[in-house]
Structure formats: C-alpha cells, structure tokens
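**Student:** sequence unknown, structure follows:
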C-alpha cells in the first residue's frame, strides 16, 4: 500500500549502511536468483542478512531481517517451473535507501499498518501526535516505522524464521515499549504462514500486516490486472481523496467493489464513474471480511484469493483479522530498477494486507487495536499456493 509517501528530511546517517565483513548466510544464489552476500551489511549498528526457508515441494521464501521483509517467494507454476511471485529489490542497499527507493515491499509493517487520521490517537485519555507522512496522515507507523528497522532474526529450522523487534516508548510518537515478533513458516502444502505476537508495558495500539506485492504471472515487467481476484466480503470502508476512511461501512453490491464472484481486476479497475475507483486511481481499499463475526476471525476459511490464468498459480488467503486491504500498485511505474533490474509498471501487482480497519482507533464502533500490559497481541495470516 505504498502511495507517494511524503518523506521528511530523514538524514542519510539514520539509515547509513556500513559494509559487513561477514559472508552471506549461503554461498550460492537462491532459486529466485538472489545473492545472499548482497544482503550482508550493518544498518544502525545491527547486522542484516538474507534467510532462506523452503520445503520439499518446490517452495522457497527468502527474507531479510531489515523490516522482516519477504524478498522473494518461489512456487511451481502449472508446468512445474519455479516462479517468483513477489516484487522487491535484490540488495539491501536499495531497501535501506528511503530517499531514493522508498518501499514497503514484503515488509512486516508496524506499529500500525495503514493510516491514522491526521496522525492523532488517544490512549488512556491522552492524545498523541504521530508522524504525518502521507497526505497529513500517519501511514504504516511513520517515517521510520518497523519496515525500516532491523529485526533480530533467529532461523529455527529450514522452514521457520522468527524476527523480533523492541520498539521503545515514544517510537514515532507511539506510547509504550513494545516487544513484537513476526514468525514466518513455510508449510509442506506450499503455504507461507505468518504469525505476529506482541506485548507492551503501557497501553498502546498495534496493527501488523505483511506487505508483499503479488504478481502471479511470472513476468513483473507487464501489467498484472489480468489476475483474477476474489474477496469474501459483503462490505467495504469507503475512503476520501487522501485515502482516509470516512467512517462509513458500505455494501459492495452493485458496485465495482464486488469481488464475491471472482473476476479479472481489469474488468472493473478503470471504472472511474465510480468515485472510489477515481479517488484511488484503482483499488486501494479495505474490505470488511465475512470471515470475521462477533469479534472473532475464522482463519480456516478463505477470505480472499488471486489467480493467474497465465501460470495457473492460485493464491488463497486466510486470516483472523476483520479486514483486508487490497492495493493494486496504482503508484508503481516510478522507473526505479528493482529485482533483477526490472522496472515495474503501474498496477503490476496486488497486495492483500490483513488488518484492523484503517483509522480504527478513531472509529470506536470498529474492531479496536488497543493492547494493554499483561495482554498478548496475536495476528495470523496465511498465503496458500497451488495450481489450477
């Protein structure tokens, strides 16, 4: 959900990279064609690396602990060809260069995914001012949110990586010292399972997500709106021209927001007679999932799916969260060379971000993101891949 993030004067020293003398986790290229040595560095005094998870069925996921980001995700297509289905960069320098190549590619977003209106929240009766880094709102935790921090990584086995971050009280204006973990596991059925957990010493808000940009077509140099999308939702939350939710929950029935019957994104994404499509130059909205009822999400039911007729790759999404943000890469097409030198065009990919609804701290009737001392935050999302 990267949309023209308005950068502050960040200072090169904030994210300066010092070359590391350590060798990469692996000596050879990954199946996705990454060189692990290109991820060995030191950022803000902490080492970065590339970690590879895999199973015996041809799935490989490469993750860097800078932002706990998914860098590549390889699954077999209908012909058995290994296919990388996520966007990204192929070196740590580009990920860390916020000024010239800002991105949320594949990141574990925190403390608060999506937007908070004017960056203002109230916790225990006290108002806090957060960074205003996107159209006057706080997006994805601020200018230096967790996607731009180095996590402590522990590879538990060939298929599991645990990433931990300690966010101090006042980090980007948020109250409370938070200890948060993101655990990635590659399952035997070609599922990337993601679990987030967090605790705090002072009441705060938290809303984490994964921000992978999916292109299932196997060619991210070409527009991806031919992919077929399904969203298990009767309602969505409309947003204004600054991408801020209005507070309304509206039905999808009879609108281009209706993906209850799967169809190619191209069929409706250009319908600018519908104000929501016009506002976002495509899709960049939160859907209210039918899999969430009575304050609980059912992560055994498919909440969304994506399919490529070209490769036959089929992605099913599961979550315990109440919403999913669908973003169609409307602000891509920047001309920046990305992974393997490819310059991604506009609307080349689709993000499926599990989440609390945007600006939920200021919409009290919506599922709330508050976390108190003694409680444990838990969020779950799984992306299951197959072919059909």
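**Tutor:** Received it, and whenever you're ready, just let me know what you need. Fair warning: this is a prediction, and the values are worked out from it, not measured in the lab.
**Student:** tell me the domain ranges of this protein?
**Tutor:** Domain segmentation of the chain under automatic domain parsing yields 12-211, 218-364.
**Student:** Switch these over to CSV; also include mean pLDDT, distance to residue 382 and mean neighbour count.
**Tutor:** For the C-beta atoms, the positions are set from N, CA and C on the backbone; glycine is no exception. Formatted as CSV, the domains of the chain follow (pLDDT from 0 to 100; distance: least, C-beta to C-beta, whole Å; neighbours: other C-beta atoms under 10 Å):
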stretch, mean pLDDT, distance to residue 382, mean neighbour count
domain 12-211, 93, 5, 20
domain 218-364, 98, 4, 19
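**Student:** And the helices in the chain?
**Tutor:** Here the chain has its helices, by DSSP state H, at 92-96, 275-280.
**Student:** Now do the first one: which elements does it pack against?
**Tutor:** Judged by 3 or more C-beta pairs under 8 Å, 6 or more residues apart in numbering; DSSP states H and E, the packing partners of helix 92-96 are strand 17-19, strand 41-43.
**Student:** All the strands of the stretch 51-200 of the chain, in order from the start?
**Tutor:** For the stretch 51-200 of the chain, the strands defined by DSSP state E, counting those that start in this stretch cover 60-64, 69-76, 82-84, 107-109, 115-116, 120-123, 126-129, 138-139, 152-157, 160-167, 178-186, 191-200.
**Student:** Let me know which of the domains of the chain is the nearest to residue 373.
**Tutor:** In terms of C-beta to C-beta, the element of the domains of the chain nearest to residue 373 is domain 12-211, at 5.7 Å.
**Student:** Is it possible to get JSON lines of the strands of the stretch 51-200 of the chain that adds distance to residue 280?
**Tutor:** What follows is the strands of the stretch 51-200 of the chain, written out as JSON lines (distance: least, C-beta to C-beta, whole Å):
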{"stretch": "strand 60-64", "distance to residue 280": "29"}
{"stretch": "strand 69-76", "distance to residue 280": "24"}
{"stretch": "strand 82-84", "distance to residue 280": "27"}
{"stretch": "strand 107-109", "distance to residue 280": "19"}
{"stretch": "strand 115-116", "distance to residue 280": "12"}
{"stretch": "strand 120-123", "distance to residue 280": "23"}
{"stretch": "strand 126-129", "distance to residue 280": "26"}
{"stretch": "strand 138-139", "distance to residue 280": "14"}
{"stretch": "strand 152-157", "distance to residue 280": "34"}
{"stretch": "strand 160-167", "distance to residue 280": "30"}
{"stretch": "strand 178-186", "distance to residue 280": "28"}
{"stretch": "strand 191-200", "distance to residue 280": "25"}
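**Student:** export the domains of the chain to a markdown table and tack on distance to residue 379?
**Tutor:** Output for the domains of the chain, formatted as a markdown table (distance: least, C-beta to C-beta, whole Å):
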| stretch | distance to residue 379 |
| --- | --- |
| domain 12-211 | 4 |
| domain 218-364 | 6 |
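**Student:** Would you agree residue 380 is in contact with residue 195?
**Tutor:** Yes - Residue 380 is in contact with residue 195 according to C-beta atoms under 8 Å; the separation is 5.4 Å.
**Student:** And residue 294, how far from residue 104?
**Tutor:** The gap separating residue 294 from residue 104 is 32 Å, by C-beta to C-beta, to the nearest Å.
**Student:** Apologies, that question was intended for residue 212.
**Tutor:** Distance, residue 212 to residue 104, using C-beta to C-beta: 10 Å.
**Student:** Next, the contact list for residue 253, please.
**Tutor:** residue 234 (C-beta atoms under 8 Å, 6 or more residues apart in numbering).
**Student:** give me phi/psi at it?
**Tutor:** Main-chain dihedrals, residue 253, degrees, to the nearest 10: phi -50, psi 130.
**Student:** One more: the one 4 residues further on?
**Tutor:** For residue 257, the backbone dihedrals (degrees, to the nearest 10) come out as phi -90, psi 0.
**Student:** show me the contacts for it.
**Tutor:** Each residue near residue 257 by C-beta under 8 Å, 6+ apart is listed here: 236, 250, 276, 285, 287.
**Student:** Could you list everything residue 152 pairs with in the sheet?
**Tutor:** residue 164 (DSSP bridges).
**Student:** My guess is it contacts residue 180. True?
**Tutor:** No - using C-beta under 8 Å, residue 152 is not in contact with residue 180, being 11.0 Å away.
**Student:** which residues do those two both contact?
**Tutor:** When contacts are counted by C-beta under 8 Å, 6+ apart, the set common to residue 152 and residue 180 consists of 164, 165.
**Student:** circling back: will you turn the helices of the chain into CSV that also has distance to residue 372?
**Tutor:** Shown next, in CSV, are these (distance: least, C-beta to C-beta, whole Å):
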stretch, distance to residue 372
helix 92-96, 33
helix 275-280, 34
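**Student:** nearest to residue 267, of these?
**Tutor:** Across the helices of the chain (criterion: C-beta to C-beta), the nearest stretch is helix 275-280, sitting at 11.9 Å.
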